[in-house]
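S.K.: Dropping the sequence and predicted coords here.
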Amino acid sequence: MRFGAFLRPFHPLGQDPTGNFQHDLELISRLDQLGFDEAWVGEHHSGGWSPIASPELMLAAAAERTRRIMLGTGVVSLPYHHPLTAADRMVQLDHQTRGRIMFGMGAGVHPSDAHMMGIAASDQRRMMAESLDAIHHLLTSTEPLTRKTDWFELREARLQLRPYTRPCFEMMVAGTGTERSMRLAGKYGINPLTLAGMAGREAPPLGKLWEAAEDEAAKNGTTVDRSKWRVAICTHIAETREEAYRQVRKGAAGWFRNYVKGTLGAAGELPEGREVEHMVETRTAIIGSPADAIEAIEYLNEQSGGIGSLLHTVQNWATRRQTMDSFELFASEVAPHFTGSVQSLRDSQAWEQSHRDDFSAQVREASRAAANGRV
């Protein structure tokens, strides 16, 4: 299993937005140093809590600060962009990063974003599907594309620059735990990114979601790869469960009260004073000790039938130092349980333990021989 971060990102109102851009870049740089595999950055245009309008700009800056971590748009909201320019920007990023880019796509999550652009919420998913079909052709075919819809037109369109990654960088379809996005991924044989932890809602049935992707892939003669399925969920750990709860309690309650309910007016409820416990109990967040995190990830992996990557949704409920400490603790004590990086060390220890009596006898014999002047 691989691990990464999904940075919408959320920043409580009142914090300096200019400084927050730098803090987000510093986090991605630290994730690279810690050995995390991926970092995803989102696109939003309203609401106040997520001020990154261009994930591509953030990823270009992050690429200059990192060496190996893969960088993804999480996501580009396709209805807000012409498909040719959206594809072109990602190809340029693919070259600038020498193949470290991933193209996550979605319909757009904020109705207010669409409203400001004159887009009806009822049209967003249709527009995304139309754009994805065109982008997929532009990125995977050299044949010119002519197409006209009620919101974009392509005339003999082709990319003047092909992707650095051959034949193409990885494409992802993101969704909030619904079959619709999984079926769209299956149709084109590209990979899904599932937002599994929506506060105030039940955890999505991940196993059934994957079945939907496979079903649609079979209908369209494509395949989907479970090892490339990303699942994002709110995550925060500390040395003890009690300490982890304490660190995020105020931030989680404020986020739900002031953003989820106060700004979005979203459905769903969390019991006041038990927001953290409720999210953990309903499996919509992973908060606790390293042992708690291991148990929760094992449950998620079993319930889903197996995922490829777990992404930490960066909510900034704790302080920056506590958030960084959480990632460092995860890299040290949780990730090795799933990556197998320490298994050979355990095997070596077990082997030495099983032979320690023989080895001790050899050492004693060598000591006696030395004392008797035989060596």
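M.R.: Perfect, thanks for sending it. Residues are numbered from 1 along each chain as shown.
S.K.: What residues are bridge-paired with residue 41?
M.R.: Residue 41 has the following beta-bridge partners by DSSP bridges: residue 7, residue 73.
S.K.: That one contacts residue 53, correct?
M.R.: No - assessed by Cβ atoms under 8 Å, residue 41 is found out of contact with residue 53, at 11.0 Å. For glycine as for every other residue, the C-beta is placed from the backbone atoms N, C-alpha and C.
S.K.: When those two are compared, which one has more neighbours?
M.R.: Using other Cβ atoms under 10 Å as the criterion, residue 41 and residue 53 rank with residue 41 on top: 28 against 14.
S.K.: domain parsing for this structure?
M.R.: Following automatic domain parsing, one gets these domains for the chain: 2-341, 342-375.
S.K.: quick one: buried residues of the last one?
M.R.: Of the residues in domain 342-375, none are scored as buried under the neighbour-count criterion (16 or more other Cβ atoms under 10 Å).
S.K.: Surely residue 54 and residue 44 touch.
M.R.: No - with contact defined as Cβ under 8 Å, residue 54 and residue 44 do not form a contacting pair (10.3 Å).
S.K.: Looking at the two, which one has more neighbours?
M.R.: Neighbour count, other Cβ under 10 Å: between residue 54 and residue 44, residue 44 has more, with 21 against 14.
S.K.: so how far is residue 320 from that one?
M.R.: From residue 44 across to residue 320, the span is 21 Å (Cβ to Cβ, to the nearest Å).
S.K.: go on, residue 314?
M.R.: 11 Å.
S.K.: Tell me which of the two has more neighbours.
M.R.: Per other Cβ under 10 Å, whichever of residue 314 and residue 320 has more neighbours is residue 314, with 27 against 12.
S.K.: contacting residues for the more buried one?
M.R.: 5-10, 27, 323 (Cβ atoms under 8 Å, 6 or more residues apart in numbering).
S.K.: Can you tell me which of those comes closest to residue 48?
M.R.: Using Cβ to Cβ, residue 10 comes nearest to residue 48 of those, at 10.2 Å.
S.K.: Between the two ends of stretch 47-59, what distance do you get?
M.R.: Using Cα to Cα, to the nearest Å, the end-to-end distance of stretch 47-59 comes to 22 Å.
S.K.: ditto for stretch 319-335
M.R.: Terminal residues of stretch 319-335 lie 22 Å apart, using Cα to Cα.
S.K.: Okay, buried residues for it please.
M.R.: Within stretch 319-335, judged by 16+ other Cβ under 10 Å, the buried ones are 322-327, 329-331, 333-335.
S.K.: What is the nearest of the residues you listed to residue 349?
M.R.: Using Cβ to Cβ, these come closest to residue 349 at residue 333, 17.1 Å.
S.K.: The closest one: what's it in contact with?
M.R.: Contacts for residue 333 (Cβ under 8 Å, 6+ apart) come out as residue 290.
S.K.: a helix runs through it, doesn't it?
M.R.: Yes - the assignment for residue 333 is a helix, going by DSSP: H, G, I helix; E, B strand; the rest coil.
S.K.: switch to numbering from 29
M.R.: That works, and once the first residue is 29, the last one we named lands at residue 361.
S.K.: Relative to residue 304, how far out is it?
M.R.: Counting by Cβ to Cβ - residue 361 and residue 304 are separated by 21 Å.
S.K.: So, low pLDDT: which residues of the stretch 179-328 of the chain?
M.R.: 226-229 (pLDDT under 70).
S.K.: hmm, 90 instead?
M.R.: Along the stretch 179-328 of the chain, the parts satisfying pLDDT under 90 run over 204-206, 224-233, 288, 290-300.
S.K.: just the strands in it please.
M.R.: 181-185, 198-203, 219-223, 258-265, 313-316 (DSSP state E, counting those that start in this stretch).
S.K.: tell me the angle of the longest one relative to strand 219-223?
M.R.: This points to strand 258-265. Using axes from the mean of the first three to the mean of the last three Cα atoms, to 10 degrees, the direction of strand 258-265 lies 40 degrees away from that of strand 219-223.
S.K.: what's strand 258-265 packed up against?
M.R.: strand 219-223, helix 269-283, strand 313-316, helix 318-332, strand 337-341, helix 348-357 (3 or more Cβ pairs under 8 Å, 6 or more residues apart in numbering; DSSP states H and E).
S.K.: closest one to residue 145 among the ones you listed?
M.R.: That would be strand 219-223 among the helices and strands packed on strand 258-265, by Cβ to Cβ, at 22.4 Å.
S.K.: still on that earlier bit, need the strands of the stretch 179-328 of the chain in JSON lines (columns: distance to residue 90).
M.R.: What follows is the strands of the stretch 179-328 of the chain, written out as JSON lines (distance: least, Cβ to Cβ, whole Å):
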{"stretch": "strand 181-185", "distance to residue 90": "29"}
{"stretch": "strand 198-203", "distance to residue 90": "17"}
{"stretch": "strand 219-223", "distance to residue 90": "18"}
{"stretch": "strand 258-265", "distance to residue 90": "18"}
{"stretch": "strand 313-316", "distance to residue 90": "24"}
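S.K.: so which of those gets nearest residue 135?
M.R.: Using Cβ to Cβ, these put strand 198-203 closest to residue 135, at 8.5 Å.
S.K.: Show me which parts of that closest one are buried, residue by residue.
M.R.: 199-203.
S.K.: Cheers, nothing more for now.
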